[in-house]
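Enquirer: Got a predicted structure plus its sequence, pasted below:
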Amino acid sequence: MAELTVQEKNGKIYCPLTDAWHVSKPEEKVRQAWVCKLVNEYGYSLEQMAQEVSVTTSKKSSGEARGDGNARADLVIWKTKEDKIAEKRAFIVIELKAENVRVRVEDYYQGQNYATWAGASFFVTSNEKETKYFNIDPDYLPKRLEEIIAIPTAEEALSDKKVAEILNQTKTFTREEFTKTLKSCHNIIRNNDKLSPEAAFDEISKILFMKIREERKNQGSKVFTKTEYINGKKLYEENIRPNLTGDDKNLEYMQFLFRSTKDEFKDDRLFEQNEVIKIRENSFEQILEKLENYNLSDTQDDVKGIAFEQFLGTTFRGELGQFFTPRTIVDFMVSILDPQEGEVICDPTCGSGGFLIKAFEYVREKIERDIKDIKNGLRKQLEGKDYDKKSEEEQLLINKHIDEMQQIINKELDTQQAGNKEKKIPESRMYSLSHNCIYGTDANPRMARTSKMNMIMHGDGHGGVHHHDGLLNVNGIFEERFDVILTNPPFGSRVDKSLKITEADRFTDENLIEKYKERYGEEYINALKQVNDNIGKPILDLYDTGKMNVGLTEVLFMERCLRLLKKGGRMGMVLPEGVLNTSNLAKVREYFEGRAKIILICSIPQDVFIAAGATVKPSLVFFKRFTNEEEKQYAKCVEEALNEKRAEKQSKIDALNAEKEKLVDSKKREDKARVKEIIKSLDLIEQQIIEEAKPRIKELFDYEIPIAMVNDAGITTTGAASENNELPKLVEEFTEYNDKVKLWDHHDYSLLYKYNVGTDGSIVRTFNNVEEVLSW
């Protein structure tokens with residue numbers, strides 16, 4: 001049978017299910033592409049399908065907007081054509097949209113309503129970006145949807161056993177399968193090559209990056225398979241290796257591919273130049289075979305990202321457990337700080353990248369929602385009034401403009417859509433998020449590499465992550481750069497006075513220095529001085545808390561984060577509870593009270609971090625660095641409190657000063673001794689004034705500090721999910737509270753974006769009152 005293809009001409013598209021030519025609207029194009037897919041790939045016949053099916057047979061009025069009225073579905077498939085004729089229950093219902101955003105099932109409510117009404121087994125939501133599949137559980141009212149990984153082919157639809165299997169192939173199951181696959185790869189290396197768990201993970205990292213590179217080069221469902229590798233090796237041995245010279249001639253195919261991967265990611269500094277694959281080739285081939293069913297570059301699917309995180313958690317539990325913050329904690333902390341589009345976000349101890357990934361996804365979702373609203377608005381603008389009353393020719397022209405508009409606006413969601421100043425091409429909003437707003441460092445090279453890989457699997461944003469000491473400046477990570485900081489710093493260890501800044505810490509790549517100078521301006525040159533002007537000096541000397549002889553890593557990172565924040569910026573940290581109440585850290589608390597406001601303290605159970613190997617009870621502490629105005633207010637309160645306390649002791653101070661004045665020129669030994677006593681007494685009084693002023697400063701600079709005690713943070717001592725996670729409810733309560741008291745200025749950059757159709761039909765984007773024609 002000939003392959004079914006989409007047919008378009010003169011602004012119309014052929015719909016085989018109605019045997020008619022319809023106006024070629026974006027939604028119709030998506031639908032007809034699916035009809036072809038169902039016929040060609042799944043084997044369904046046109047006779048067992050229908051489109052635009054409603055619960056009732058009544059015709060919609062011309063003025064009724066699509067999305068109102070009775071439940072309906074874009075495409076309905078029955079098990080057989082006989083079932084369709086007999087009007088038996090539907091088998092699959094598909095709801096489609098012409099948009100380029102991640103699928104949110106609540107936006108597909110009409111098809112969902114039809115699917116549940118019609119008793120369908122499967123419900124599919126699809127747009128130009130991704131497709132999601134669901135089974136419909138008939139035992140629940142309202143019917144419950146559970147995400148699965150596929151729908152049956154026409155042949156599989158006739159087997160109850162096969163249908164049952166597919167209905168049970170949930171996304172949770174698939175995540176578990178991928179996690180098992182990664183563990184299996186890990187075991188292959190440990191058994192065949194006798195490497196430690198950490199070293200084995202490093203080798204898997206290399207292979208995963210090689211696979212990502214090959215997938216980006218070659219689009220397809222199965223890329224970088226064992227068969228492909230064996231065929232490629234044969235070509236390499238016959239055509240490439242003979243032409244190599246010097247040491248390259250000894251390069252095995254596996255090492256040749258890895259070298260190409262290192263070159264591909266060289267700007268990310270993932271691997272040392274002399275790094276090689278350290279496992280046997282048969283281990284390498286076995287791993288390729290295990291991974292061949294997974295496409296790691298399919299960034300719309302969170303299966304791989306979450307499974308990868310689970311694999312990391314089990315692989316590094318114990319020795320490297322401190323690098324992993326439980327997902328429930330990450331989700332909570334990001335939601336509390338509510339990062340916005342355009343805000344610059346950092347984690348200076350990023351570990352496996354959990355905070356950066358969640359922040360990236362959180363802001364991405366905001367952008368996607370805004371783009372969806374913008375397209376709807378522009379569509380109405382292009383349709384104008386009385387669209388349904390316009391002639392067919394006018395509608396065809398309008399639909400053409402709508403199609404062009406959506407293609408242009410959808411580019412805003414492309415993380416690779418870079419701008420070009422010379423050609424006056426702006427960068428996309430998702431490019432800006434991915435390349436300009438996400439930064440992190442980790443001093444552990446394995447973790448820095450892991451964080452980058454983790455971010456790639458979740459959708460990108462990895463370019464700002466570096467292997468570097470988080471206490472030292474690098475690339476775009478320097479003082480007063482960030483709106484939001486989220487971090488879980490190392491606890492309980494100390495930075496020794498002997499740890500000094502060395503020449504190895506100096507950044508010497510002149511090409512990159514020029515690039516960063518152009519990007520960040522003079523601030524970057526000043527940032528380099530933190531290292532360049534302090535070679536040979538202790539790292540502790542860079543920090544006020546270090547000079548207090550407090551070398552605790554968590555305290556140093558508190559100060560580091562405070563310095564990294566812009567004035568008015570906010571941060572959330574996982575801290576040991578001792579920082580909040582231990583008497584020997586009172587001076588540290590006073591230091592931060594004079595520079596930042598505490599906006600929330602959340603005490604969580606010790607259980608949360610036990611699975612990661614931690615033994616200290618943690619708290620989640622959220623700060624906001626003082627704004628310029630708050631700095632002035634605090635300084636005024638300090639001055640007022642000191643003056644009040646000094647006034648209380650002024651008579652005594654005056655008396656002592658008067659006595660000192662009489663004795664200061666005396667040559668008598670007892671007078672000189674008395675002068676020393678007076679000076680000592682005056683110093684003691686000054687210290688008393690400072691100490692007594694402290695509670696008064698708190699009274700004058702008084703503000704409410706929300707404190708929450710959480711008994712269940714969504715995770716057990718074994719690392720498993722618990723049933724009564726209290727954190728989402730706390731987010732709701734805090735958000736409501738913050739809306740009332742305005743703890744910080746909300747910078748919703750999306751409100752600064754305006755889109756309009758120009759007089760020439762072009763799409764004009766205005767950002768911050770600057771107009772740009774989107775000519776992607």
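Expert: Yep, that arrived. Values in this document were obtained by computation on a predicted structure and should not be read as measured data.

Enquirer: From here on, just use CA atoms for contacts and neighbour counts.
Expert: Noted.

Enquirer: Can you tell me what sits against stretch 665-673?
Expert: Stretch 665-673 is contacted from outside by L663, V664, using C-alpha atoms under 8 Å, 6 or more residues apart in numbering.

Enquirer: Pull the distance from it to the chain's centre.
Expert: How far stretch 665-673 lies from its chain's middle: 71 Å, per C-alpha atoms, centre = their mean, to the nearest Å.

Enquirer: in that stretch, what counts as buried?
Expert: D671, K672 (16 or more other C-alpha atoms under 10 Å).

Enquirer: Using PDB, write out the CA atom coordinates for it.
Expert: Extracted in PDB, the C-alpha atoms of stretch 665-673 (Å, rounded to 0.1, in the frame of the first residue of the first chain):
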ATOM      1  CA  ASP A 665      50.900  64.700  82.300                       C
ATOM      2  CA  SER A 666      51.800  63.500  85.700                       C
ATOM      3  CA  LYS A 667      55.200  61.900  86.200                       C
ATOM      4  CA  LYS A 668      54.100  59.900  89.200                       C
ATOM      5  CA  ARG A 669      54.100  56.200  88.900                       C
ATOM      6  CA  GLU A 670      50.700  55.800  90.600                       C
ATOM      7  CA  ASP A 671      49.100  58.400  88.300                       C
ATOM      8  CA  LYS A 672      50.500  56.700  85.200                       C
ATOM      9  CA  ALA A 673      49.000  53.400  86.500                       C
END
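
Enquirer: What is the longest helix of the chain by residue count?
Expert: helix 669-700 (DSSP state H).

Enquirer: how close does L471 get to C561?
Expert: According to C-alpha to C-alpha, to the nearest Å, L471 and C561 sit 9 Å apart.

Enquirer: Identify the contacts common to the two.
Expert: P348.

Enquirer: Quick one: the helices in the stretch 501-650 of the chain, in order.
Expert: Using DSSP state H, counting those that start in this stretch, the helices of the stretch 501-650 of the chain run over 510-520, 522-532, 544-547, 553-564, 578-581, 586-593, 607-610, 628-648, 650-663.

Enquirer: Any idea which of the ones you listed has the lowest pLDDT on average?
Expert: Of all the helices of the stretch 501-650 of the chain, the minimum mean pLDDT falls on helix 607-610 (a mean of 78).

Enquirer: now D403, what's its secondary structure?
Expert: With DSSP: H, G, I helix; E, B strand; the rest coil as the basis, D403 sits in helix.

Enquirer: Okay, it and Q112: tell me how far apart.
Expert: Counting by C-alpha to C-alpha - D403 and Q112 are separated by 26 Å.

Enquirer: In terms of packing, which of the two has more residues around it?
Expert: More crowded of D403 and Q112, by other C-alpha atoms under 10 Å: Q112, with 28 against 17.

Enquirer: Without its sequence neighbours, what residue ends up closest to that one?
Expert: F123 (6.9 Å; C-alpha to C-alpha, 6 or more residues apart in numbering).

Enquirer: just to revisit the earlier point, looking at L471 and C561, which one has more neighbours?
Expert: Between L471 and C561, counted using other C-alpha under 10 Å, the more crowded position is C561 (29 against 23).

Enquirer: Tell me who's in contact with the more buried one.
Expert: Per C-alpha under 8 Å, 6+ apart, neighbours of C561: P348, I485, M571.

Enquirer: Give the other helices and strands that the strand ranked longest in the chain contacts.
Expert: Using DSSP state E to assign secondary structure, the strand with the most residues in the chain is strand 565-576. Packing contacts for strand 565-576, counted by 3 or more C-alpha pairs under 8 Å, 6 or more residues apart in numbering; DSSP states H and E, involve helix 327-337, strand 482-487, helix 553-564, strand 618-625.

Enquirer: repeat that for 7 Å
Expert: strand 482-487, strand 618-625 (3 or more C-alpha pairs under 7 Å, 6 or more residues apart in numbering; DSSP states H and E).

Enquirer: what packs against the longest one?
Expert: Where contact means 3+ C-alpha pairs under 7 Å, 6+ apart, strand 618-625 is packed against strand 565-576, strand 596-603.

Enquirer: ok so, going back, can you tell me the helix or strand for the residue nearest to Q112?
Expert: In this structure, F123 sits in strand 122-126 according to DSSP states H and E.

Enquirer: CA atoms of that strand as PDB?
Expert: What follows is strand 122-126, C-alpha atoms only, in PDB (Å, rounded to 0.1, in the frame of the first residue of the first chain):
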ATOM      1  CA  PHE A 122      -5.700   5.700  25.500                       C
ATOM      2  CA  PHE A 123      -5.400   9.500  25.400                       C
ATOM      3  CA  VAL A 124      -2.700  11.300  23.400                       C
ATOM      4  CA  THR A 125      -1.800  15.000  23.600                       C
ATOM      5  CA  SER A 126       0.500  16.300  20.900                       C
END
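
Enquirer: List of residues touching that strand?
Expert: 91-97, 103, 105, 108, 112, 115, 131-136 (C-alpha atoms under 7 Å, 6 or more residues apart in numbering).

Enquirer: And stretch 367-383, by the same measure?
Expert: V101, I398, I402, Q406, N756.

Enquirer: and what of stretch 736-747?
Expert: Q340.

Enquirer: May I have stretch 547-567 as CSV, with CA atoms only?
Expert: The C-alpha trace of stretch 547-567 is given here as CSV (Å, rounded to 0.1, in the frame of the first residue of the first chain):
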residue,chain,number,x,y,z
LYS,A,547,39.5,36.7,59.6
MET,A,548,37.3,36.0,62.6
ASN,A,549,39.1,32.6,62.8
VAL,A,550,35.9,30.9,61.6
GLY,A,551,37.1,28.5,58.9
LEU,A,552,33.9,26.5,58.7
THR,A,553,33.0,25.9,55.1
GLU,A,554,29.3,26.6,55.6
VAL,A,555,30.1,30.0,57.1
LEU,A,556,32.5,31.0,54.4
PHE,A,557,30.0,30.0,51.7
MET,A,558,27.3,32.0,53.5
GLU,A,559,29.6,35.1,53.1
ARG,A,560,30.6,34.1,49.6
CYS,A,561,26.9,33.9,48.5
LEU,A,562,26.1,37.2,50.2
ARG,A,563,28.9,38.8,48.2
LEU,A,564,27.8,37.2,45.0
LEU,A,565,24.3,38.6,45.3
LYS,A,566,23.2,41.9,43.9
LYS,A,567,21.9,44.3,46.5
